[in-house]
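S.K.: after the sequence you'll find the predicted model.
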Amino acid sequence: MRLVKAAVYYETGGPEVFRYEDVPDPVCSAGEVVVDVEAISIEGGDTLNRWHGEMATTPHIVGYQCAGTIREVAPDVLDRRVGQRVVATMFWGSHAERVAVPAVITWPVADGADVVAAACVPVAFGTAHDCLFEFGHLQAGETVLVQAGAGGVGVAAIQLAKRAGATVLATASSDDRLERLRPLGLDRGVNYSSSDWVSEVRALTGGRGVDLVVDSVGGKVLQGSVACLAYRGRCITVGSAGRDPQPFDVSVLGMGNQSITGVFLGAEIITPRAQAMIAELVDDVGAGRLQVVVDRTFPLADAADAHAYVESRQAVGRVVLIP
């Protein structure tokens with residue numbers, strides 16, 4: 001049996017549960033391609049799944065997204081070829097040297113494009129795009145608040161909202177992290193370590209509030225996000241970080257004719273609309289029209305250290321593993 005290396009765990013928990021071990025070489029089943037992995041973007045959901053997610057296999061290989069070069073194509077897959085570079089999404093399994101994935105959730109990476117940057121695109125940029133436009137209905141001239149602006153979805157949302165002609169506010173945990181977001185299109189930053197960041201957001205909008213909030217934090221932050229809304233404002237909740245889950249009182253929306261919508265890209269990722277949208281975003285990053293921010297890279301063997309760094313909330317943008 002041929003073996004490849006992977007970061008695995010036998011039980012959920014903190015980063016220390018990772019083991020760097022040999023696992024069986026993946027088999028290319030119908031409808032799939034096998035990819036030699038060159039870069040792995042650590043998504044927020046990866047850390048949450050490692051803490052308390054379902055283990056579909058034992059040992060389990062976590063991970064939603066990676067990029068690399070196709071080494072094998074199933075006979076029934078006609079639109080991919082051996083040697084082609086792609087970025088791939090999956091339910092689990094990215095933290096490995098090699099993966100087998102359905103071809104339908106891979107996107108070609110243009111010749112000459114940075115494969116590390118491409119590895120960070122579909123989940124973060126696709127999610128941000130859906131939050132802003134498909135479900136958030138953002139229009140030019142509106143004001144948007146991006147919570148956790150230094151995260152992967154935040155970095156994407158700031159750029160996409162600015163490109164669409166919006167005024168962009170964002171929160172982060174320090175002034176230094178906010179400063180690093182300004183070149184991406186951030187107009188005004190709010191340090192949410194302040195005890196009254198909601199009042200600061202409202203002051204920055206002349207008391208009116210914002211038209212749209214993209215909230216990837218949830219919990220008590222979600223309540224603050226709604227308090228930042230203007231009349232008829234919209235709040236998108238996505239990928240809650242799960243730090244302080246608590247009930248939300250929807251009655252507060254009524255007086256302002258406001259709305260709150262939950263978004264999960266995974267439910268739509270194989271639709272023609274989402275497929276085309278992600279393909280365009282991958283091309284935009286490859287051509288330099290949008291920027292992926294990679295804070296730090298780690299060897300795959302150091303997955304525990306990489307996850308710990310993500311959870312330290314020091315990073316701006318993505319943390320990437322390199323097999």
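M.R.: All right, it came through fine. Numbers count the residues shown, from 1 in each chain.
S.K.: quick check: which ranges of the stretch 1-150 of the chain have low pLDDT?
M.R.: Along the stretch 1-150 of the chain, no part satisfies pLDDT under 70.
S.K.: give me the pLDDT for A241.
M.R.: Each residue has a pLDDT score; the one for A241 is 62.
S.K.: where exactly do the strands run in the stretch 51-200 of the chain?
M.R.: 65-73, 85-89, 98-102, 106-108, 143-146, 167-172, 188-191 (DSSP state E, counting those that start in this stretch).
S.K.: quick one: end-to-end length of stretch 50-60, please.
M.R.: The straight-line separation of the ends of stretch 50-60 (Cα to Cα, to the nearest Å) is 9 Å.
S.K.: picking that back up, could you dump the strands of the stretch 51-200 of the chain to CSV with mean neighbour count and distance to G207?
M.R.: Any C-beta I mention is one placed from the backbone N, CA and C, and that applies to glycine too. As requested, the strands of the stretch 51-200 of the chain are exported to CSV (neighbours: other Cβ atoms under 10 Å; distance: least, Cβ to Cβ, whole Å):
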stretch, mean neighbour count, distance to G207
strand 65-73, 22, 40
strand 85-89, 24, 42
strand 98-102, 21, 49
strand 106-108, 21, 43
strand 143-146, 28, 12
strand 167-172, 25, 14
strand 188-191, 19, 15
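S.K.: any chance of those in JSON lines, with distance to L160 too?
M.R.: Compiled in JSON lines, these are given as follows (distance: least, Cβ to Cβ, whole Å):
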{"stretch": "strand 65-73", "distance to L160": "18"}
{"stretch": "strand 85-89", "distance to L160": "18"}
{"stretch": "strand 98-102", "distance to L160": "26"}
{"stretch": "strand 106-108", "distance to L160": "17"}
{"stretch": "strand 143-146", "distance to L160": "10"}
{"stretch": "strand 167-172", "distance to L160": "10"}
{"stretch": "strand 188-191", "distance to L160": "17"}
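S.K.: residues in contact with the helix or strand containing R50?
M.R.: Taking DSSP states H and E as the criterion, R50 maps to helix 44-52. By Cβ atoms under 8 Å, 6 or more residues apart in numbering, the surrounding residues in contact with helix 44-52 are 9, 12-15, 17-18, 62-64, 92, 94-95, 123, 151-153, 216, 239, 241-242, 307, 310-311.
S.K.: could you tell me how far it lies from the centre of the chain?
M.R.: The chain centre lies 13 Å from the centre of helix 44-52; the measure is Cα atoms, centre = their mean, to the nearest Å.
S.K.: could you check the angle strand 65-73 makes with it?
M.R.: 90 degrees (axes from the mean of the first three to the mean of the last three Cα atoms, to 10 degrees).
S.K.: buried stuff in helix 44-52?
M.R.: Residues G44, G45, D46, T47, L48, N49, R50 are the ones in helix 44-52 that count as buried (16 or more other Cβ atoms under 10 Å).
S.K.: again, but for stretch 18-31
M.R.: Result for stretch 18-31 [16+ other Cβ under 10 Å]: buried residues F18, V23, P26, C28.
S.K.: adding distance to M1 and secondary structure, write those residues out as JSON lines.
M.R.: Shown next, in JSON lines, are the buried residues of stretch 18-31 (distance: Cβ to Cβ, whole Å; DSSP: H, G, I helix; E, B strand; the rest coil):
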{"residue": "F18", "distance to M1": "23", "secondary structure": "coil"}
{"residue": "V23", "distance to M1": "10", "secondary structure": "strand"}
{"residue": "P26", "distance to M1": "12", "secondary structure": "coil"}
{"residue": "C28", "distance to M1": "15", "secondary structure": "coil"}
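S.K.: possible to save these as TSV with distance to L160?
M.R.: Supplementary listing: these in TSV, determined by distance: Cβ to Cβ, whole Å:
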residue	distance to L160
F18	33
V23	37
P26	33
C28	35
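S.K.: A88: which of those is nearest?
M.R.: Closest approach to A88 among those (Cβ to Cβ): P26, at 11.8 Å.
S.K.: ok, the closest one touching A100?
M.R.: Yes - the pair P26 / A100 is scored as a contact, 3.7 Å apart, by Cβ atoms under 8 Å.
S.K.: tell me, what's touching those two both at once?
M.R.: When contacts are counted by Cβ under 8 Å, 6+ apart, P26 and A100 have V34 as shared neighbours.
S.K.: now the angle between strand 65-73 and the lengthiest helix in the chain, please.
M.R.: The single longest helix within the chain, with elements called by DSSP state H, is helix 272-286. For helix 272-286 against strand 65-73, the angle by the same axes, to 10 degrees is 100 degrees.
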